[in-house]
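Trainee: Okay, structure incoming, though there's no sequence with it:
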């Protein structure tokens, strides 16, 4: 099992939608305990990309809750 990337610095950045500690979106954080290791690995890969990119350019994908 892949462990959570949580760093216990749990504060969401309103401008980017990312946690300042682990660089996950709120949807990724809340889904973590319910997803499999392949989905977790994809999130970790996304986190790695986010850490290397200027954070101010990141905008989380929008989801349509009506789907």
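Mentor: Thanks, I have it. Keep in mind that this is a model prediction, so the values were computed, not measured.
Trainee: Going by C-alpha atoms from here, please, whenever you check contacts or count neighbours.
Mentor: Will do.
Trainee: Could you measure from the residue nearest to residue 9 when sequence neighbours are not counted over to residue 31?
Mentor: Nearest residue to residue 9, sequence neighbours excluded (Cα to Cα, 6 or more residues apart in numbering): residue 21, at 4.6 Å. Look at residue 21 and residue 31: by Cα to Cα, to the nearest Å, they are 17 Å apart.
Trainee: can you map out the strands along this protein?
Mentor: Taking DSSP state E, the strands of the chain run over residues 12-13, 18-19.
Trainee: Quick check: the gap between residue 31 and residue 52.
Mentor: With Cα to Cα as the criterion, residue 31 and residue 52 are 23 Å apart.
Trainee: Which of those two has more residues huddled nearby?
Mentor: residue 31 (13 against 8; other Cα atoms under 10 Å).
Trainee: Give me the pLDDT for the more buried one.
Mentor: What the model reports as pLDDT for residue 31 is 98.
Trainee: Please report the distance of it from residue 13.
Mentor: Taking Cα to Cα, one finds residue 31 at 19 Å from residue 13.
Trainee: One more: residue 3?
Mentor: 23 Å.
Trainee: Of those two, which one has the most company?
Mentor: residue 13 (15 against 9).
Trainee: looking at it, residue 11 is touching residue 22, isn't it?
Mentor: No. Judged on Cα atoms under 8 Å, residue 11 makes no contact with residue 22 at a distance of 9.4 Å.
Trainee: Tell me which of these two has more neighbours.
Mentor: Using other Cα under 10 Å as the criterion, residue 11 and residue 22 rank with residue 22 on top: 20 against 13.
Trainee: what's the average pLDDT for the lengthiest helix in the chain?
Mentor: In the chain, with assignment by DSSP state H, the single longest helix is helix 37-52. For helix 37-52, mean pLDDT is 95.
Trainee: Can you list the buried residues in that helix?
Mentor: 40, 43-44, 47, 50 (16 or more other Cα atoms under 10 Å).
Trainee: Could you check how far residue 48 is from residue 13?
Mentor: Taken as Cα to Cα, the span from residue 48 to residue 13 is 17 Å.
Trainee: In the protein, which residue is most central in space?
Mentor: residue 24 (1.8 Å; Cα atoms, centre = their mean).
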